[in-house]
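Asks: Provided below for reference: sequence and predicted model.
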Amino acid sequence: MEAWHILIAIGIIAFIAEIFTVGFIAGAIGIGFIFAAIGNFIGLEIKWQILLFALGITLTYFLIRPFMAKYGYRKDKVKTNRDALIDKNGTVTEEINPLKNTGRVKIDGDDWKAKSLNNEIIEIGTIVTVVDIDSIILIVKPSN
């Protein structure tokens, strides 16, 4: 087995390692090994192979990695828990009255204690929007 075969194999192993890592670092190293393998195949000296390896990593890291970071990885995260309730609409099931400390809102089948945003009274049946959450109490305002 020749040296360029080994360099190609190491490059492939780096590509496989990229599947389990983030940041496209292992992928850049894999491309560096492919560049070095090409240099070895055409008979360049070892110092040129090392230079090609470094050039491959550098070019990949600065040219392909930004593209992969922008389009290759999912950045839009699904809202869960507290964040999922913000901006949701619900129906008032118990009058929201800050003087009586009452108020409940039903959202997606769940009943929540609620307060109004501006300490206003909101009647039963009114559609409201969640603007914030204080512990387990929803802060709501009437929907427009």
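Replies: Everything's here; your move.
Asks: I133 and I8: what is the separation?
Replies: 55 Å (CB to CB, to the nearest Å). The way it works is simple: take the backbone N, C-alpha and C, and place the C-beta from them, glycine included.
Asks: one more: L138?
Replies: From L138 over to I8 (counting by CB to CB), the distance is 59 Å.
Asks: ok, F35 - contacts?
Replies: 52-53, 55-56 (CB atoms under 8 Å, 6 or more residues apart in numbering).
Asks: just the buried subset of those residues, please.
Replies: 52-53, 55-56 (16 or more other CB atoms under 10 Å).
Asks: any idea which helix or strand carries the residue lying farthest from the centre of the chain?
Replies: Ranked by distance from the centre of the chain (CA atoms, centre = their mean), the top residue is G43, with 44.2 Å. Assigned by DSSP states H and E, G43 belongs to no helix or strand.
Asks: check the one 5 residues further on too.
Replies: When elements are assigned from DSSP H and E, W48 belongs to helix 46-59.
Asks: neighbouring contacts of that helix?
Replies: Helix 46-59 has contacts (CB under 8 Å, 6+ apart) with 28-29, 31-36, 38-40, 44.
Asks: tell me the mean pLDDT for stretch 50-61?
Replies: Regarding stretch 50-61, the rounded mean pLDDT is 94.
Asks: alpha carbons of it, as PDB, please.
Replies: In PDB, the C-alpha atoms belonging to stretch 50-61 read as follows (Å, rounded to 0.1, in the frame of the first residue of the first chain):
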ATOM      1  CA  ILE A  50       2.500  19.200   4.400                       C
ATOM      2  CA  LEU A  51       2.000  22.600   2.700                       C
ATOM      3  CA  LEU A  52      -0.800  21.100   0.600                       C
ATOM      4  CA  PHE A  53      -2.300  19.600   3.800                       C
ATOM      5  CA  ALA A  54      -2.300  23.000   5.500                       C
ATOM      6  CA  LEU A  55      -3.600  24.700   2.400                       C
ATOM      7  CA  GLY A  56      -6.500  22.300   2.200                       C
ATOM      8  CA  ILE A  57      -7.500  22.800   5.800                       C
ATOM      9  CA  THR A  58      -7.200  26.600   5.500                       C
ATOM     10  CA  LEU A  59      -9.100  26.900   2.300                       C
ATOM     11  CA  THR A  60     -11.800  24.500   3.500                       C
ATOM     12  CA  TYR A  61     -12.100  26.200   6.900                       C
END
